[in-house]
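Visitor: Okay, here's the prediction I keep looking at, along with the sequence it came from:
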Amino acid sequence: MEGRVVLLTFGLLSPNKGIEHVLNALPRILAEFPEVVYIVLGATHPNELRDHGEAYRLSLEILARKNKVEKNVIFYNQFVDLENLKEFIGAADLYITPYLNEEQITSGTLSYAFGAGKAVVSTPYWHAAELLAEDRGVLVPFGDAPAVAREVIGLLRDDTRRHAIRKNAYRIGREMIWSNVAQLYMRSFELARIEGAALSRKSLTGKMLGQKPRELPDFKLNHLARMGDSTGVFQHAIFSVPNFSEGYCTDDNARAFILAALLSELGEEAECVRTLATTCAAFLHHAFDFKSKRFHNLMSFDRRWLDEQGSEDCQGRALWALGVGVGRSPYPSFRSMAGQLFALALPALTEFTSPRAWAFGLIGIHEYLGRLRGDSLVNQTRETLTSKLMDLFERSSQPDWRWFEEELSYDNAKLAHALMVSGRATGQREVFERGLEALRWLTEMQTSEQGHFRPIGSNGFYRRGGERANFDQQPIEAQATVSACLEAYRATSDLWWYEQAQRAFDWFIGWNDLGLELYSPETGGCRDGLHVDRVNRNQGTESTLAFLLSLSEMRLAQNMLTSFKEPIATEE
């Protein structure tokens, strides 16, 4: 087949396959692409053979000669084993399923070709209509040879479109491999284990569910909606009014995209959530420089980029968001776009020196591999970044300082979180335990004498051997701690971790050093920090997203803990 353009159809041959419509399309295709060869691979269906012999196959051969395309058609009248089948699929440039029965709910041959990342032209029977939507293939009407010719010619003319369809098919096809299906089963088993553990511990259940569970605030997205436009979310606010002069940033649009995915899981305001996801996805795509493979971060209100490229942490946050897009978005088009950007942006991460960029990237990788588990490059990158964080911890930690660096600064819990999810996913017990150990130490460091959450202040941070900054306390520290502690709870079923997540969440609603609310139930925004004598009354996007992300994760955890609304009776 060297030097030929190969069209392939395979499967057991019978009249409902519609092969004749491809043969009738071939003269027009060959007029423009004479190097095309059409392979019809497969033995005649046993039922067809029993009732009519080889009449259908012979009619196809006659039609090929009638259309004067017999030199460009090959019939393989045999059943091929898997190894030979893979060779045929590998040689194909386009796969065609011209089937005539709309009510066909599954096609194994389509699944094989699609999973191998082939561009597919098909009639819209039920399986194909669903699988090939969102630019994952091309659909043509039933029995329409001119449409087959038109679409095949269009794909052969347009290499860029054909390869884009192939990539979209391959990415979605990774969801169909057995290892990923097994992972989905494991998630279900894990959920059952956690629910079972919660219900089997009578003292635990009595504490959590014997009384009415603590009420979480309702979602109020009004302020977040006001903090954005059709370009993206703004960075800052003057009180609760958007500050246009500070423009937009990729960091916050990445966080907002993650929030949209979590809100979709919670079933919140579908149209509002999709609008937010669409805007932020478009911003991330626009922020990516396809030449440097780096993201811009800062954009002015008049839509000019203010930097040559964003920070390493910005790249990491964007990858985290894209990983969530691939792993959790309910919209196939978002998953495809996120997967394309993720693949392009990921390689730079291994050259970075920022531990937080590594951590954000590892969490994004974890989300990405939740759907596309078989991606070898992504798995290799996870291994590299995990080793970097482990080495950092071993070099820096001491018996009285169980941490990755000489300083506790910002987004601290993300470092431990990254090791936990990576160690747990890869079965590396030492990696998971190191992350859990670091998070436990950090949690103790961030608990006040009165028992409430006290994050490291940003007004100086906390260097080993130095004086700890207790203010200005930032919402992102509470959010990172909520997220990491809930991950620890999911992994261990230890209620203590759920309590630590609740403690960090309560910081937003007044259990803090000043006893003041940072979350504003009137506006739905979150104030920008806790100073030594007051709250920062500005309600910027980063702070508001920190609260909403924390609320989303707490609600998801509460939903996982129990699927019922009323408390259950428990034994004393």
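Guide: Nice, thanks for sending it over.
Visitor: Relative to H236, how far out is the nearest residue to Q309 once chain neighbours are set aside?
Guide: With sequence-adjacent residues excluded and distances taken as C-beta to C-beta, 6 or more residues apart in numbering, Q309 is closest to R294, at 4.2 Å. Glycine gets a C-beta too; all of them are placed from N, C-alpha and C. Here R294 is placed at a distance of 24 Å from H236 (C-beta to C-beta, to the nearest Å).
Visitor: E394 should be in a helix, yeah?
Guide: Yes. According to DSSP: H, G, I helix; E, B strand; the rest coil, E394 belongs to a helix.
Visitor: ok, it to G154 distance?
Guide: According to C-beta to C-beta, E394 stands 57 Å off from G154.
Visitor: List the contacts of N459.
Guide: For N459, the set of contacting residues under the criterion of C-beta atoms under 8 Å, 6 or more residues apart in numbering consists of 469, 471-472.
Visitor: mind checking the SS state of it?
Guide: N459, by the three-state scheme (three-state DSSP), is coil.
Visitor: What ranges in the stretch 101-250 of the chain fall below the confidence cut-off?
Guide: Confidence mapping of the stretch 101-250 of the chain against pLDDT under 70 gives the ranges 190-191, 193-213.
Visitor: Now secondary structure and neighbour count too, for the contacts of N459, in a markdown table please.
Guide: What follows is these, written out as a markdown table (DSSP: H, G, I helix; E, B strand; the rest coil; neighbours: other C-beta atoms under 10 Å):
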| residue | secondary structure | neighbour count |
| --- | --- | --- |
| A469 | coil | 18 |
| F471 | coil | 19 |
| D472 | coil | 16 |
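Visitor: quick check, nearest of these to P146?
Guide: Of all the contacts of N459, D472 has the smallest distance to P146: 68.6 Å, by C-beta to C-beta.
Visitor: Next, the contact list for that closest one, please.
Guide: For D472, the contact set (C-beta under 8 Å, 6+ apart) comprises 457-459, 529-532, 536.
Visitor: Buried among the residues you listed? Need that as a selection in ChimeraX.
Guide: The following ChimeraX command selects only the buried members of the contacts of D472, with burial defined by 16 or more other C-beta atoms under 10 Å:
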select :457,458,529,530,536
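Visitor: Tell me the one of the contacts of D472 nearest Y368?
Guide: Distance from Y368 was checked for each of these by C-beta to C-beta. The minimum falls on S458, at 30.4 Å.
Visitor: for the closest one, what are its contacts?
Guide: Going by C-beta under 8 Å, 6+ apart, S458 touches 410, 469, 472-474, 529.
Visitor: hmm, 10 Å instead?
Guide: Residues in contact with S458 (C-beta atoms under 10 Å, 6 or more residues apart in numbering) are 409-410, 469, 471-474, 476-477, 529.
Visitor: Over to the nearest residue to H417 once chain neighbours are set aside. Which of the three states is it?
Guide: Using C-beta to C-beta, 6+ apart and skipping residues adjacent in sequence, the residue nearest H417 is A484, 3.9 Å away. Three states are possible here, and by three-state DSSP the one that applies to A484 is helix.
Visitor: where's A484 relative to L415, distance?
Guide: Separation of A484 from L415 (C-beta to C-beta) stands at 9 Å.
Visitor: how near is the nearest residue to N538 once chain neighbours are set aside to W358?
Guide: By the measure of C-beta to C-beta, 6+ apart, the closest residue to N538 outside its immediate chain neighbours is D528, 4.7 Å from it. For D528, the distance to W358 (C-beta to C-beta) stands at 27 Å.
Visitor: Of those two, which one has the most company?
Guide: The residue with the greater number of neighbours, taking D528 and W358 and applying other C-beta atoms under 10 Å, is W358; the counts read 27 against 23.
Visitor: My reading is that the more buried one lies in a helix. Confirm?
Guide: Yes. Counting by three-state DSSP, one finds W358 located in a helix.
Visitor: V40 is in what secondary structure piece?
Guide: Assessed by DSSP states H and E, V40 sits inside strand 36-41.
Visitor: Partner strands of that strand, with direction?
Guide: Sheet partners assigned to strand 36-41 using DSSP bridges are listed as strand 5-10 (parallel), strand 73-76 (parallel).
Visitor: okay but A281 is in contact with L322, surely?
Guide: Yes. Counting by C-beta atoms under 10 Å, L322 is a contact partner of A281 at 9.1 Å.
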